[in-house]
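Trainee: task: produce atomic coordinates for the following.
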Amino acid sequence: MRINNEFGYIEIAPDVIAGIAGYAASSCFGVKGMTVRSVADGVAHLLRRENMSRGVKITEASDGGINIDLHIAVDHGINIASVCRSIISEVRYHVEQLTGIDVKNIDIYVESIKAD
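Mentor: Sure thing, here's the model as predicted:
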């Protein structure tokens, strides 16, 4: 993602934005962590802290912003709609504040519900 200003440009790698979004999402109440689907068995696997960006997909929007897809696992017994609203708010705030890039759309995919 490239941001132009009067002095030149700033280029931010999609992995950096994905890391910010993954950290913000996983720090929300009710979120167990980021997930990724296994190609072999189709099962969602919980990712460790160092691999959080694998559960995030960043695409550039046609009008200059970005779209974010998050794949998450949530705790059993929580209100999924409330957690998703909280995640959208937190991810949008952190990404826009830290990068200056406008977040157009955030899609959340709840891949699994974990009970402990």
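Trainee: quick check: buried residues in the lengthiest strand in the chain?
Mentor: With secondary structure taken from DSSP state E, the chain has its longest strand at strand 103-114. Going by neighbour count (16 or more other CB atoms under 10 Å), the buried part of strand 103-114 is 103, 104, 106, 108, 110, 111, 112. Just so you know, the C-beta spots here come from the backbone N, C-alpha and C atoms, and that holds for glycine as well.
Trainee: so what touches it?
Mentor: With contact meaning CB atoms under 8 Å, 6 or more residues apart in numbering, strand 103-114 is reached by 32, 35, 37, 44, 46, 61, 63, 65-76, 80, 84, 87-88, 91-92, 95-96.
Trainee: change it to 6 Å
Mentor: Strand 103-114 has contacts (CB atoms under 6 Å, 6 or more residues apart in numbering) with 32, 35, 44, 61, 65-74, 76, 80, 84, 87-88, 91-92, 95-96.
Trainee: filter those residues down to the buried ones, PyMOL style.
Mentor: Those of those that count as buried under 16+ other CB under 10 Å are selected in PyMOL with:
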select buried, resi 32+35+44+66+68+69+70+71+72+73+74+84+87+88+91+92+95
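Trainee: quick one: residue 94 and residue 24 touch, right?
Mentor: Yes - applying CB atoms under 6 Å, one finds residue 94 in contact with residue 24, separated by 4.1 Å.
Trainee: please name the strands paired to the longest strand of the chain in the sheet, noting orientation.
Mentor: Paired strands of strand 103-114, with direction, are strand 66-75 (parallel) (DSSP bridges).
Trainee: still on that earlier bit, columns pLDDT and distance to residue 5 on top of the buried residues of strand 103-114, output as JSON lines?
Mentor: Output for the buried residues of strand 103-114, formatted as JSON lines (pLDDT from 0 to 100; distance: CB to CB, whole Å):
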{"residue": "103", "pLDDT": "95", "distance to residue 5": "19"}
{"residue": "104", "pLDDT": "95", "distance to residue 5": "20"}
{"residue": "106", "pLDDT": "96", "distance to residue 5": "25"}
{"residue": "108", "pLDDT": "95", "distance to residue 5": "32"}
{"residue": "110", "pLDDT": "92", "distance to residue 5": "38"}
{"residue": "111", "pLDDT": "87", "distance to residue 5": "38"}
{"residue": "112", "pLDDT": "86", "distance to residue 5": "42"}
